[in-house]
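Trainee: Make a model of this:
(one chain, ligands or ions: 1)
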Amino acid sequence: MVYLDNNSTTQVVPSVLQAMELYFIDQFANPSALHNLGSSVSEKIQDIRRLIAERIGCTAEEIIFTSSGSEANNLCLKGYLHANKSKGKHLITTGIEHASILSTSAYLEREGFKVTYLEVDNGGFVDPKALEAAITEETCLISIAHANNEIGTIQPIERLTRIRPDIAFHTDAVQSFLKMDFNVDALGVDLASFSGHKFHAPKGIGFVYKRKGCQLTPQIHGGQQEMHLRSGTENVPYIIGLGKAIEEMSESDLVYMRRLQRELIAKLKTISGVRINGPEDLSKRLCTNVNFSYEALEGEVILNELSSHGIYVSTGSACSSKYSRVSHVLQSINCPTRFIHGNIRVGISKFTTIEEVDTFIVKFKNIIAAHSPFRLVAC
Ligand SMILES: Cc1ncc(COP(=O)(O)O)c(C=O)c1O
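Mentor: All right, here's what the predicted structure looks like:
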């Protein structure tokens, strides 16, 4: 198998699984329990909270564990707007956010909030002037993803937050965390969302960064875990796995993934009919993301043929691709119509090899050659 769908999800590695195992069968106590077993588990959760805090430049009390990136996004948007209605009822976001931001925004609109969806340029970038112009007296929250999940565009968050530091700023960092620097003060964000399964932790664990003093209304009520902001017994083994996966991502992994990305893009560019979608300048593109279109074939046809050879990629966003045939992100960046349907996203991980990249290129070339009209004439 050649797995190249790492923007969708990543493999849990044996070391992460091994670290988790103990917390299923031995250290399985409820972290809220008053006995020693409970306290030792609770202390372990605190260790992971401190590890995350150290990575992103905040304090442990500013980290709230959730079940996913989607839950984190819901908590940040609904939680902040519900708690801060007196500041205004206007949310600014972009048209290229993940479904968990767009659907939450639509829900908030139904609740009576006003939402502005900023447009982006052909590389997927938000224009700081457009953000400035969209701000009104009523603006309560701005939510712009750090890196786009389909085309890898890295937004200039530190510039965007400087426009109005007095307005709360949330960033969806699900794709960017551990793939580039992330420091809450350098970026100037008040809220951020993260998800473990994008960096070799299991699916079903995420967290929120909430700056001290920033008010959130909990979205899940119950036993008041997670500083009263997210009730529910903590998913201890998954939090342990999350911590282990964070420890195992290194600077050299990023250099490696960037090299693979550069090589893959260079190879794709030699194929006629291929268009690379998203930023040309790789310093402004997530090192794990390659998104391209082939003008003469449906993305789904390419995906299915690759899949039949054990090569796994996606078309646009995996979450939406079952439901929508056209990517809202490609539409927003004005991808020409002849390219919009032939879309493929390749997601690189630190475990991807150059041989896998080469296998993918060879198979892709075979597929397009097999579908070429010239081949039919020759036959
Ligand atoms: C940018 C972005 N935000 C949020 C999510 C949702 O995260 P989760 O799958 O943990 O709910 C994803 C997942 O694809 C994502 O790519």
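Trainee: Test my guess that residue 168 contacts residue 83.
Mentor: No. Counting by CB atoms under 8 Å, residue 168 stays clear of residue 83, with 10.2 Å between them. In this view, the C-beta of every residue, glycine as well, is placed from N, C-alpha and C.
Trainee: what about the two, which has more around it?
Mentor: Shown here are residue 168 and residue 83; by other CB atoms under 10 Å, residue 168 has more neighbours (23 against 15).
Trainee: what's across from the more buried one in the sheet?
Mentor: Applying DSSP bridges to residue 168 gives these bridge partners: residue 141.
Trainee: so who does it touch?
Mentor: 80, 84, 140, 141, 142, 190, 191, 214 (CB atoms under 8 Å, 6 or more residues apart in numbering).
Trainee: Make JSON lines from these and add pLDDT to it.
Mentor: Output for those, formatted as JSON lines (pLDDT from 0 to 100):
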{"residue": "80", "pLDDT": "98"}
{"residue": "84", "pLDDT": "98"}
{"residue": "140", "pLDDT": "98"}
{"residue": "141", "pLDDT": "98"}
{"residue": "142", "pLDDT": "99"}
{"residue": "190", "pLDDT": "98"}
{"residue": "191", "pLDDT": "99"}
{"residue": "214", "pLDDT": "98"}
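Trainee: possible to save those residues as CSV with distance to the ligand and neighbour count?
Mentor: Output for those, formatted as CSV (distance: CB to the nearest ligand atom, whole Å; neighbours: other CB atoms under 10 Å):
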residue, distance to the ligand, neighbour count
80, 17, 23
84, 22, 17
140, 21, 21
141, 17, 25
142, 16, 27
190, 18, 23
191, 13, 26
214, 20, 17
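Trainee: List just the nearest of those to residue 176.
Mentor: When these are ranked by distance to residue 176 (CB to CB), residue 191 comes first, at 14.6 Å.
Trainee: is the closest one in a bridge, and if so with what?
Mentor: Applying DSSP bridges, one finds that residue 191 bridges with residue 170, residue 210.
Trainee: which parts of the stretch 101-250 of the chain sit against the ligand?
Mentor: Neighbours of the ligand within the stretch 101-250 of the chain, by CB under 6 Å from any ligand atom: 145, 149, 172, 174, 175, 195, 197, 206.
Trainee: For whatever residue of the stretch 51-200 of the chain ends up closest to the ligand, which residues are in contact?
Mentor: Using CB to the nearest ligand atom, residue 69 is the residue of the stretch 51-200 of the chain that sits closest to the ligand, at 2.6 Å. Neighbouring residues of residue 69 by CB under 8 Å, 6+ apart: 98, 100, 172, 174, 193, 194, 195, 198, 206.
Trainee: again, but for residue 71
Mentor: 206, 219, 230.
Trainee: Could you do residue 297 as well?
Mentor: 342, 367, 368, 371.
Trainee: so how far is residue 344 from the nearest residue to the last one once chain neighbours are set aside?
Mentor: Counting by CB to CB, 6 or more residues apart in numbering, the nearest residue to residue 371 once its immediate chain neighbours are dropped is residue 297, at 5.6 Å. As judged by CB to CB, to the nearest Å, residue 297 and residue 344 stand 10 Å apart.
Trainee: if we can go back for a sec, in the contacts of residue 69, which residue is surrounded by the most others?
Mentor: Taking other CB under 10 Å as the neighbour criterion, residue 193 ranks highest of the contacts of residue 69 with 31 neighbours.
Trainee: Tell me if it really is in a strand.
Mentor: Yes. Under DSSP: H, G, I helix; E, B strand; the rest coil, residue 193 falls within a strand.
Trainee: so what's the residue lying closest to it once chain neighbours are set aside scoring on pLDDT?
Mentor: Nearest non-adjacent residue to residue 193, counting by CB to CB, 6+ apart: residue 72, 3.5 Å away. pLDDT for residue 72: 98.
Trainee: which parts of stretch 212-229 are buried?
Mentor: Residues of stretch 212-229 classed as buried by neighbour count (16 or more other CB atoms under 10 Å): 214, 216, 218, 219, 220, 225, 226, 229.
Trainee: How about stretch 335-345?
Mentor: Within stretch 335-345, the residues that count as buried by 16+ other CB under 10 Å are 335, 339, 340, 341, 342, 343, 344, 345.
Trainee: quick revisit: quick one: the contacts of residue 71 as TSV, columns for pLDDT too.
Mentor: What follows is these, written out as TSV (pLDDT from 0 to 100):
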residue	pLDDT
206	98
219	97
230	98
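Trainee: Narrow those residues to those in helices?
Mentor: With DSSP state H as the criterion, helices contain none of those.
Trainee: Make CSV out of the residues you listed and add distance to residue 52.
Mentor: As requested, these are arranged in CSV below (distance: CB to CB, whole Å):
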residue, distance to residue 52
206, 11
219, 21
230, 15
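Trainee: From those residues, pick the one nearest the ligand.
Mentor: Closest to the ligand, out of all of the contacts of residue 71 and judged by CB to the nearest ligand atom, is residue 206, at 5.2 Å.
Trainee: Who is that closest one paired with across the strands?
Mentor: According to DSSP bridges, beta-bridge pairing links residue 206 with residue 66, residue 195.
Trainee: can I assume it is in contact with residue 64?
Mentor: No. Here residue 206 lies out of contact with residue 64, judged by CB under 8 Å, at a distance of 9.5 Å.
Trainee: How many residues are close by the closest residue to residue 340 other than its chain neighbours?
Mentor: In this structure, residue 340 finds its nearest non-sequential neighbour in residue 330, 5.2 Å apart by CB to CB, 6+ apart. Using other CB under 10 Å, residue 330 is surrounded by 24 other residues.
Trainee: In terms of pLDDT, where does residue 330 sit?
Mentor: 96.
Trainee: and it, what element?
Mentor: Element membership of residue 330, judged by DSSP states H and E, is helix 328-332.
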